[in-house]
Every structure is written in structure tokens, then in C-alpha cells.
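**Student:** show me how the following folds:
(one chain, ligands or ions: 1)
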Amino acid sequence: MSAMRIRWWGALACLLAWVVQAQPVAVRDLRIWTAPDNTRVVLELGGTVEHRLFTLAHPDRVVLDISDAVLKARLQRLDLPRGPVRAVRSGVRHHHDLRLVFDLDHHLRPRSFLLKPSADHGYRLVLDLASAHQGSAPVKRAREMLPKALRPVVVAVDAGHGGQDPGAHGRLGTREKDVTLSIARRLARLIDQDPAMHAVLVRNGDYFLPLRTRMRKARRLHADLFISIHADSFRDARARGASVYILSRRGASSEMARMLAARENAADRVGGVPLGDKDPVLKRVLVDLSQGAVIEESLHVAQALLYQLRRIGPVHRRQVQQAGFVVLKSPDIPSVLVETAFISNPREERLLKDGHHQQALARALYRGIRRYFRDNPPMGTLFASRRHRIRPGDTLLAIAHHYDVSLQALRKANDLHGDRLQVGQVLRIPGDG
Ligand SMILES: [Zn+2]
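**Tutor:** Residues are numbered from 1 along each chain as shown. Reported below is the predicted structural model:
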């Protein structure tokens, strides 16, 4: 190759590099979701960017500087949810850099990460604004509801999907995330009307929560049951009916269950949150062991729910299905996932949107939950005032202590001679009914 040609290629490469460099990356869209203790901002980008993040006080602001970028989203049309972000402003710096300023109500700790393109999205820059104070209101409220004597059972009601993860959608445009929230709210209301029960909504608004955060929240609230509400979808529009799922440690019980688990678990990827809290091997083994115990409990709940759902409409599968859902992987709380109906079936989509039907679904779920607790009362709850069904980990001494009866009286009432107890065995609690 001649020196002349090398110089020519070199010049072309420089020119190309300059053209590529000179093209600013478009910020095509900006969305904000507010959860009780986190606000998430997602910027849809035309390419990868370099950015810098810092906070300013008096008044509190978060400033995001993006190099070589131009704002194509219209901030005036931004639908700001109620939350700590009061306004978003933009400006141009050094002729080609973009500055975004978020005006805040109070100080928040920002964190940011860039997401690579996925199936439905290009590059995204995610900004998480976390409350500086720890603990959210619902946690405190649930704890206050736990007196030392007999307490109501706590049910964590999880509305599937939310925020940038809409879930499945129907032909009429119904989104799973909206339907699940309506049903969840109705169910929570029914539960709270029952003096022996207390509901906590895991998600109570249109925001995204990673799957692991959902179950962590349920655990923090000392929930006795975790119920995740969803709507099913299948390419064949004729598929119909409700299904109830529990966690399976070994493979899914049907091909459909496997597909569904893959889709619901993908919510974390849609939400774009890297699962930073990967459990070490030992922890996973321990979790697996204890899951064996609660899977049986979960099966009891699931059967009670399925029985009630069958009374109000068709069910897709008459048996409880098992699949490997991340959202159900709570080591110590019986957990179920309910696919209320097929949103992909036009008739069922219409039903899912209908308030009366939503209420009927919520009532069926409430009845199933109540039935489960009546038959399997957790220790120390209002359901357990007459008898106690042995759960994994129970000891005679602990039971006696909880119900404030002597060990002898408990032994005598149940004709027990040793300390051996069997899971599922029902003990009479003396001096009560
Ligand atoms: Zn779903």
C-alpha cells in the first residue's frame, strides 16, 4: 500500500470519527415513577452516553449532566406523579452537553446506571432517587397491629407488574398492571374488614418494584401469606380461566407453567434492575431446605383459592400448578400466584376490566384465604384461639408459651406423652372454648 493511500484512509477514519462524535445522542423520552421509598427516572436514549450525577441543597436538587446529548423529549408534557420530584428542567452546557435538573421536595440519595439495549428498549439511563430516611409507613403500621396476645394474620397482597413493566395486555388495550392493582386493592379492603386479618399492599400505585423487593417487603412485614395477583396471556385467544400457582423447586408441572414462569420472571429484566443481591451458595441451600416446608403450606392456600375461583368462573387448570417464580421464593412465607383470567381472551379481558367481576374475584380470593387460615391457623393469631395446627419448626414448649398455658396442661389436653410433634397435627389449646 502506498504512503499516499495510507494517508487517505487515515484522513477518512478521522473524518468518520468526527462525524460519529459530532452526532449528539438523543434523549427521546423521560419517565418518572414514584414508589413509597423510591422514585425512578428512566431516560430512553439513542445510544450510549457518559454522565455525571450530583446533588445541590437549598433548595434540594439532583443534577444530571450528560455529555454530547440533546433533549428530544418534551418536558412540558411530562406527567409528573405525586412524589418528591416537583419539576424537571433542562439546559444546554458547553454547546453540546445536556443538563437535567430535578427539583425536589426534600433531600434524596441519587443512584444511576446505564442499561444496554434489550428486546423492546434501546439504551436507557436509570436514575433512582431513594429516600434518605429508612423504613416506610406501612411497616410501622403493621408492627403496631401486632399485640403480644392474639394478633390478626398479615396478608401481603402483591399487584403484579407496575410502572415501566405493564405485564401482558389485551386486544382492547387493557394492561395487566392496572387490572392487578384494582383487584389487589379490592382484596385488601375485604381483608381489612375482617377483624382477624390485616392486609398490606406490596404495590399501591403505578410504579415498578423488582420481584425480590416484593418478597423482601412481605418478609419485613412478617406476613403470614404472600399472594401475587396477575392476569394470564396466551397466543391462542381461546385460552381461558383462572390458575393458581405455587413455587416448585424442581421444574414446572406443565409446559405452560414453565413458559409463564419465564415471562413473569422476565419482569426484572424489563424493569432493568440488575439483581445485585445474588445469594451466596450456602444461603441458597438453606432457603431451598426451608422452602420444602412452606411449599406444603402454599399448596393448602392454593387449593383453597382454586376451590373458590371455580365457584365464580372457569379455571384453566383444575390442579394447583407449580413453577419456578422468583416472586414466590420467600423462604418462610407461604406464597401463591393467582392468574385471575386470560387478558388475551377478549371475553375475559372485558370481565377483568369490569368492577363487578373484579369484586367477585377479590371476594373469592378473600374467602379462600380465610378458609386456609381457619384450617391452618398460624401460632399467636386470632385464628388460632381454639386449636393449633403444627407448622414446621413448632415445639411444644413454644406453643405452651405462646398460648400462655402450662406444658402439662397442653400435654394432658392432647394426650401427649413425649415432645414429638408432626407437621399438620392439630393441638387443642386448653382453657379456651
Ligand atoms: Zn403477570
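**Student:** where does the one residue in the stretch 151-300 of the chain that gets nearest to the ion land on pLDDT?
**Tutor:** Distances between the stretch 151-300 of the chain and the ion by C-beta to the ion are smallest at His230, namely 3.4 Å. Backbone N, C-alpha and C define where each C-beta goes, glycine included. Looking at His230, its pLDDT reads 94.
**Student:** quick one: buried residues of the longest strand belonging to the chain?
**Tutor:** Of all the segments assigned as strand in the chain under DSSP state E, the longest by residue count is strand 25-35. In terms of neighbour count (16 or more other C-beta atoms under 10 Å), strand 25-35 has its buried residues at Val25, Ala26, Val27, Leu30, Arg31, Ile32, Trp33, Thr34, Ala35.
**Student:** which residues touch the residue of the stretch 151-300 of the chain closest to the ion?
**Tutor:** His230 makes contact with Gly160, His161, Gly167, Glu176, Thr180, Glu264, Leu337, Val338, Glu339, Thr340, according to C-beta atoms under 8 Å, 6 or more residues apart in numbering.
**Student:** what about it, which SS state?
**Tutor:** For His230, the secondary-structure state derived from DSSP: H, G, I helix; E, B strand; the rest coil is strand.
**Student:** that older thread, ok, of the buried residues of strand 25-35, which one's closest to Arg74?
**Tutor:** Checking the buried residues of strand 25-35 against Arg74 by C-beta to C-beta gives Leu30 as the nearest, at 9.1 Å.
**Student:** and the residue of the stretch 1-150 of the chain closest to the ion?
**Tutor:** Taking C-beta to the ion, the stretch 1-150 of the chain has Asp120 as its residue nearest the ion, at 15.9 Å.
**Student:** which SS class is that residue?
**Tutor:** coil.
**Student:** the residue of the stretch 151-300 of the chain closest to the ion and Arg189, how far apart?
**Tutor:** 19 Å (C-beta to C-beta, to the nearest Å).
**Student:** over to Leu382?
**Tutor:** For Leu382, the distance to Arg189 - C-beta to C-beta - is 19 Å.
**Student:** higher neighbour count, those two?
**Tutor:** Leu382 (17 against 14; other C-beta atoms under 10 Å).
**Student:** nearest residue to that one other than its sequence neighbours?
**Tutor:** Distance criterion C-beta to C-beta, 6 or more residues apart in numbering; nearest residue to Leu382, sequence neighbours excluded, is Ala196 at 4.0 Å.
**Student:** okay, now that neighbour: neighbour count?
**Tutor:** 18.
**Student:** cool, Thr395 as well?
**Tutor:** Neighbours of Thr395 (other C-beta under 10 Å): 11.
**Student:** need the phi and psi values for Arg77.
**Tutor:** With angles defined as degrees, to the nearest 10, Arg77 sits at phi -90, psi 10.
**Student:** just for this structure, where's the confidence low?
**Tutor:** Low-confidence segments of the chain (pLDDT under 70): 1-22, 119, 132-150, 248-261, 263-293, 326-327, 329-331, 384-386, 431-433.
**Student:** write out the residues of it neighbouring the ion.
**Tutor:** Contact residues, the chain versus the ion (C-beta under 5 Å from the ion): Gly160, Gly167, His230.
**Student:** quick check, nearest of those residues to Asp354?
**Tutor:** Once C-beta to C-beta is applied, the member of the residues of the chain next to the ion that ends up nearest Asp354 is His230, at 17.4 Å.
**Student:** run through the helices of this protein in chain order.
**Tutor:** 3-22, 137-144, 176-193, 211-220, 255-265, 267-271, 281-312, 346-353, 355-375, 396-403, 407-414 (DSSP state H).
**Student:** okay, the angle between the third one and helix 346-353?
**Tutor:** For helix 176-193 against helix 346-353, the angle between stretch directions is 50 degrees (axes from the mean of the first three to the mean of the last three C-alpha atoms, to 10 degrees).
**Student:** okay, the angle between helix 176-193 and helix 355-375?
**Tutor:** 50 degrees.
**Student:** for helix 176-193, packing partners?
**Tutor:** strand 153-159, strand 197-201, strand 225-232, strand 335-342, helix 355-375 (3 or more C-beta pairs under 8 Å, 6 or more residues apart in numbering; DSSP states H and E).
**Student:** and the angle from the second one to helix 355-375?
**Tutor:** Following the same axes, to 10 degrees, one obtains 130 degrees for the angle between strand 197-201 and helix 355-375.
**Student:** next, find the distance separating Lys177 from Arg171.
**Tutor:** 17 Å.
**Student:** coming back round to it: now tabulate the contacts of His230 in JSON lines and tack on neighbour count.
**Tutor:** JSON lines is the format used below for the contacts of His230 (neighbours: other C-beta atoms under 10 Å):
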{"residue": "Gly160", "neighbour count": "29"}
{"residue": "His161", "neighbour count": "28"}
{"residue": "Gly167", "neighbour count": "22"}
{"residue": "Glu176", "neighbour count": "26"}
{"residue": "Thr180", "neighbour count": "26"}
{"residue": "Glu264", "neighbour count": "25"}
{"residue": "Leu337", "neighbour count": "26"}
{"residue": "Val338", "neighbour count": "28"}
{"residue": "Glu339", "neighbour count": "27"}
{"residue": "Thr340", "neighbour count": "29"}
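**Student:** just curious, which of these is nearest to Pro59?
**Tutor:** His161 (34.2 Å).
**Student:** now do the contacts for the nearest residue to that closest one once chain neighbours are set aside.
**Tutor:** Among residues not flanking His161 along the chain, Gly167 sits closest, at 3.5 Å (C-beta to C-beta, 6+ apart). Gly167 sits next to Gly160, His161, Arg175, Glu176, Lys177, Thr180, His230, Ala231, Ala267 when contact means C-beta under 8 Å, 6+ apart.
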